[in-house]
Each structure stands twice: as C-alpha cells, then as structure tokens.
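J.: Need the 3D shape of this:
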Amino acid sequence: MKLAHINIVTRDADALARFYVTALGCAALREPRVLSGEKVSRGNGLAGCDICSVWLGFPGADTPFLELHQHKTSPERGPSGVNAPGIRHLAFRVKDIHAMLSAIIGAGGAALGDITDFGTAQSPYYIVYASDPEGNILELEQSGENI
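T.: As a prediction, this is how the structure comes out:
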C-alpha cells in the first residue's frame, strides 16, 4: 500500500493553491479541473456534486501529492485546534525551520506555537505548529542541527 494523495477541502482553491506554492514550494501537477456529474456524485455520496480540483506536488516528491477541492456548496466549519478529534495536521521535515515558518507567515498563514526542541542535547529535534490561511494545521520538523 502507498499513500497516493492528501485532500483538503477549501473555500477558495486558487487562493489556497497560491499559498502552498508560495510558502512551501509546491508546484501545479495539472491544470485545475471541474469534477461533476453522476459518477462523481455516486463515488462520493453527495448529490449534485460540483468540485474544482487542484493538484499540487510537494518539492522533491512524486507522491503523495496535495489535492485541493473547492465544492460548489460546503457546510460551514468552525476553527479546530491541534487537539480536536480527526486528522489534525500535515507534517513536513524542513532544512530551515525558521525560514519555512517565516514563509508560511509571509504567505498568509500563522504560527500556532513556538519552535521547540523535542530532542536531546546530542540529537536536537525541533518542531513548531503553524496554519495555512484557512486554518489547516501544518507541523514543521527540523532535526540534527542546532538552530
């Protein structure tokens, strides 16, 4: 088994795609597509489904890719924290946690905590949580170097 893609349902697929391209260096894998019709509705169980689908590749990886879906209609969702049940975050190993956090903030995201060392004196392991502009949580990890 192999993880194929990660899907985020978004209020604005174009804007969120720009964030991931700008902040994380993702790249478009294809032109955005509209998914609709009986097959789409039968497959996902939502009648009258109409979805804008954007595929983005992560730097240095063929898979998994990031799939952004903007449905014509979506229920409202309140903010959820790192402790809410369900899938909570995407984690990325980075070379420079400070630079990546700055890029996320500069592209419209936010820091959720402080960069913290979860490692040892001999083997530091830094993490920090952030969010994209729609509140999806991102974890950044950097290991092996003092920062």
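J.: alpha carbons only for contacts and neighbour counts from here, please
T.: Fine.
J.: Just checking: what are the partner strands of the helix or strand hosting E141?
T.: Secondary structure from DSSP states H and E places E141 in strand 137-143. Based on DSSP bridges, the pairing partners of strand 137-143 within the sheet are strand 89-93 (parallel), strand 125-131 (antiparallel).
J.: Quick test: name the residue nearest the centre of this protein.
T.: The central residue of the chain, meaning the one whose C-alpha is nearest the mean C-alpha position (CA atoms, centre = their mean), is L90 at 5.8 Å.
J.: And the pLDDT at it?
T.: At L90, the pLDDT value in this model is 94.
J.: ok, now A15?
T.: Predicted confidence (pLDDT) for A15: 97.
J.: Now tell me what touches stretch 130-146 from outside.
T.: With CA atoms under 8 Å, 6 or more residues apart in numbering as the contact definition, stretch 130-146 has outside contacts at 10-11, 16, 19, 79-80, 82, 88-97, 100-101, 104, 108-113, 123-129.
J.: Now for the residue nearest to the centre of the chain: which residues touch it?
T.: Contacts of L90 by CA under 8 Å, 6+ apart are I137, L138, E139.
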